[in-house]
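Trainee: Give the three-dimensional model of this entry:
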Amino acid sequence: MMANLFSSFDPSTNWNSSINWLSTLIGILIIPTSFWLIPSRINFLWTKISLTLHKEFKTLIGPNVKGATLMFISLFSLILFNNFLGLFPYIFTSTSHMVLTLSLALPLWLSFMLFGWINNTIHMFAHLVPQGTPPVLMPFMVCIETISNVIRPGTLAIRLSANMIAGHLLMTLLGNTGSMLSIYLINILLIVQILLLVLESAVAIIQSYVFAVLSTLYSSEVN
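Mentor: You can find the predicted model right below:
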């Protein structure tokens, strides 16, 4: 019996243990398959996705930074894997917790800010006042731009966790009503749940892509 609606997102709900956080590391088990002598279709597909992301991130970052696309592709892969893993029954969705999402967003943003302010100080000051701003509005624009920069890791983390919680919570609420419905309504409920599962699969891909692209754009601003 759930104590509240959000207890299904508590890592210690199932089996009364926080070992569910280990689901984040299950992806390590499938990494050796990419080193097989004869790769499978999944390896070819993942290689194609990685190359496409590499070209897009390279365009956003620019030619000055070498090897940064590997970091953002790895970030995309980690979030995508954990988003999909949360769709399986009895597997904890680690990306629905601010503990994980903020741990990914905050160090990235902090490293970008430190790199930018140490190496490109004048460039960072120029970002605080958009071009063409009237002199009267410059103090307000500096405050607005500063606030928008400070809340960036929070918006990244909250966007990812809120989207993961919203869909899973809706599926949980609908699934708990199945025992009280008639056979006809259960058939409708199954169709709705399948459609929601397809929607959540799309959300899992989109949110991991958005997180990686926004992180890439934030890094391109400090160069």
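Trainee: next one: the one helix or strand in the chain whose mean pLDDT sits lowest to chain centre, how far?
Mentor: Within the chain, no helix or strand scores below helix 121-128, which has a mean of 78 by mean pLDDT, DSSP states H and E. Offset of helix 121-128 from its chain centre (C-alpha atoms, centre = their mean, to the nearest Å): 28 Å.
Trainee: I'd like the average pLDDT over whatever helix or strand comes next after that helix.
Mentor: Downstream of helix 121-128, the next assigned helix or strand under DSSP states H and E is helix 138-150. Taken as a whole, helix 138-150 has an average pLDDT of 84.
Trainee: could you say what helices and strands the helix ranked longest in the chain packs with?
Mentor: Secondary structure of the chain per DSSP state H: the longest helix is helix 183-220. Judged by 3 or more C-beta pairs under 8 Å, 6 or more residues apart in numbering; DSSP states H and E, helix 183-220 is in contact with helix 41-61, helix 68-85, helix 98-119, helix 152-176. (Each C-beta comes from the backbone N, C-alpha and C, glycine too.)
Trainee: So what's the gap between that helix and the chain middle?
Mentor: The answer for helix 183-220 is 12 Å, by C-alpha atoms, centre = their mean.
Trainee: List the buried residues in it.
Mentor: For helix 183-220, a neighbour-count test (16 or more other C-beta atoms under 10 Å) marks 196, 200, 203-204, 207-208, 210-216, 218-220 as buried.
Trainee: what do you get for stretch 103-119?
Mentor: Across stretch 103-119, burial judged by 16+ other C-beta under 10 Å covers 104-105, 108-109, 112-113, 116.
Trainee: Mind putting these into CSV with distance to residue 139 and pLDDT?
Mentor: Formatted as CSV, the buried residues of stretch 103-119 follow (distance: C-beta to C-beta, whole Å; pLDDT from 0 to 100):
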residue, distance to residue 139, pLDDT
104, 34, 90
105, 29, 91
108, 29, 90
109, 24, 90
112, 25, 87
113, 21, 88
116, 22, 84
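Trainee: quick one: which of these is nearest residue 182?
Mentor: For these, the closest approach to residue 182 (C-beta to C-beta) belongs to residue 104, at 44.5 Å.
Trainee: which ones are touching the closest one?
Mentor: 75, 78-79, 156-157, 211 (C-beta atoms under 8 Å, 6 or more residues apart in numbering).
Trainee: ok, of those, which one's closest to residue 140?
Mentor: residue 156 (25.0 Å).
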